[in-house]
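Asks: Structure of the sequence below:
(one chain, ligands or ions: 1)
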Amino acid sequence: MGASLVTLNQVGKTFKTNSKEETVLQNINLSIEDGETVSILGKSGCGKSTLLNVIGGFHAPTKGSVLFEGEQVTNPSRRAIMLFQHYALLPWRSVLKNVELGLEPEGLSASEQRERAETYLALVGLKDSLHQFPSQLSGGMQQRVAIARALAIRPEMILMDEPFAALDTFTRYYLQDELMKIQQQEKTNIVLVTHDIDEAVYLSDRIFMMDANPGRIRRTVDIELPKPRDRSHRDFQYYRKLILDEFDFSQRDQSVEYNI
Ligand SMILES: Nc1ncnc2c1ncn2[C@@H]1O[C@H](COP(=O)(O)OP(=O)(O)OP(=O)(O)O)[C@@H](O)[C@H]1O
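Replies: Residues are numbered from 1 along each chain as shown. This is a model prediction of the structure:
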C-alpha cells in the first residue's frame, strides 16, 4: 500500500479568546487512505467541524502536523473542497453559473468551463435544471448543485460538514445513495462530519468516533460491508449497535434510538 492521502500526527487545537482558552482537539492521530470515505462521528460540540477544518487547512493546528500526500498542509487548497450543510449557492446565479463559478480560477475557455459544469450537473441528475435559480429548487436539488460544484473542480478530497442534515429523511437517503454511486465512479475521497450514525455506517469505509472536552478519537471502526449497503440487513444493524453501545446509548429507551 502507498503512503496515506492524509495523515494527522499528534494534532491539537486550542482557541484563544479574550476571556478564555479552550482546547478543542487533543492528540489526534489518524490517517486516511486513498479512495476511502471516512466519517467523523460524535456528539454536538465535540470538535468534529474543527477537525474537518484542520484537515482542510482552514484552521492551523496548535500542535502536531497535518500532511496531505506527505506534504504539510498550511492553507486551504483546491485539492480539498469543503461542502456545507447550507449549500452556499449564489441566489442571483443560475445552477449552471453557480457551478461555473467554482471553475473560474482554472483558466478554462468558456466552452470548456460550460462543458465541465454540464457534465457534473448531469452526473447529479440536474441536466434539465441548468437555467433555474437556487430559489426554484428544493433543498435536495440545491445540495446536488453544491455537490456538482465541488466535483467539477475535480478535487482529490471533498470535506463534508453535515451535508444532509437540513434535508428530510427521504431526500437524505436518496442523496446518500447518489453520493455513494458518484464516489465509486469518481473515486473522490470523502471526509464526512455527521452525528447521524446510520449515515456514517451507510457511507463509510471507516468511522472515527470522537469524545468531547477535549475532542479526541475514542475509537476507529472499519465498516467491512460491501456497497451498496442494506440498512435493514443484520450486518448493518451489527455496526449500528456497536456504535450505539460505544456511545453508551443502548442502555436508554431503545424506542427513542431505533426510530427509523
Ligand atoms: N473559531 C473558533 N473560535 C473559538 N472557539 C471555537 C471556534 N470554532 C469552534 N470553537 C469551539 O470549539 C468547540 C467545538 O466546536 P465544533 O464546531 O468543532 O464542534 P462540532 O462537534 O462540529 O459541533 P456540532 O456538531 O454542534 O456542529 C466548541 O466549543 C466551539 O465553541
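Asks: which stretches of the chain form helices?
Replies: Listed from the start of the chain, the chain has helices (DSSP state H) covering 48-55, 95-103, 110-123, 139-152, 169-186, 197-203, 234-246, 254-257.
Asks: And the residue in the stretch 51-200 of the chain positioned nearest to the ligand, how far from residue 212?
Replies: Across the stretch 51-200 of the chain, no residue is closer to the ligand than residue 195, which sits at 5.6 Å (CB to the nearest ligand atom). Glycine gets a C-beta too; all of them are placed from N, C-alpha and C. Using CB to CB, to the nearest Å, residue 195 is found at 12 Å from residue 212.
Asks: Overlap in contacts, the two.
Replies: Contact criterion CB atoms under 8 Å, 6 or more residues apart in numbering; residues shared by residue 195 and residue 212: 42, 43.
Asks: on that earlier part again, could I get the helices of the chain in TSV, plus columns for distance to residue 36 and mean pLDDT?
Replies: As requested, those are exported to TSV (distance: least, CB to CB, whole Å; pLDDT from 0 to 100):
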stretch	distance to residue 36	mean pLDDT
helix 48-55	13	96
helix 95-103	24	95
helix 110-123	21	94
helix 139-152	17	92
helix 169-186	10	88
helix 197-203	11	95
helix 234-246	16	95
helix 254-257	27	45
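Asks: okay, those helices in TSV with mean neighbour count next?
Replies: Formatted as TSV, the helices of the chain follow (neighbours: other CB atoms under 10 Å):
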stretch	mean neighbour count
helix 48-55	23
helix 95-103	22
helix 110-123	17
helix 139-152	23
helix 169-186	16
helix 197-203	23
helix 234-246	16
helix 254-257	10
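Asks: Out of those, which gets nearest to residue 41?
Replies: Closest to residue 41 of the helices of the chain, according to CB to CB: helix 197-203, at 4.8 Å.
Asks: Need the residues that contact the closest one.
Replies: 37, 39, 41, 164, 172, 176, 179-180, 190, 192, 194, 207, 223, 229, 231, 236, 239-240, 243-244, 260.
Asks: May I have it as CSV, with CA atoms only?
Replies: Only the C-alpha atoms of helix 197-203 are listed here, as CSV (Å, rounded to 0.1, in the frame of the first residue of the first chain):
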residue,chain,number,x,y,z
ILE,A,197,-25.0,7.0,13.0
ASP,A,198,-26.9,5.5,10.1
GLU,A,199,-25.4,7.9,7.6
ALA,A,200,-21.9,7.1,8.9
VAL,A,201,-22.4,3.3,8.7
TYR,A,202,-24.1,3.6,5.3
LEU,A,203,-21.4,5.6,3.6
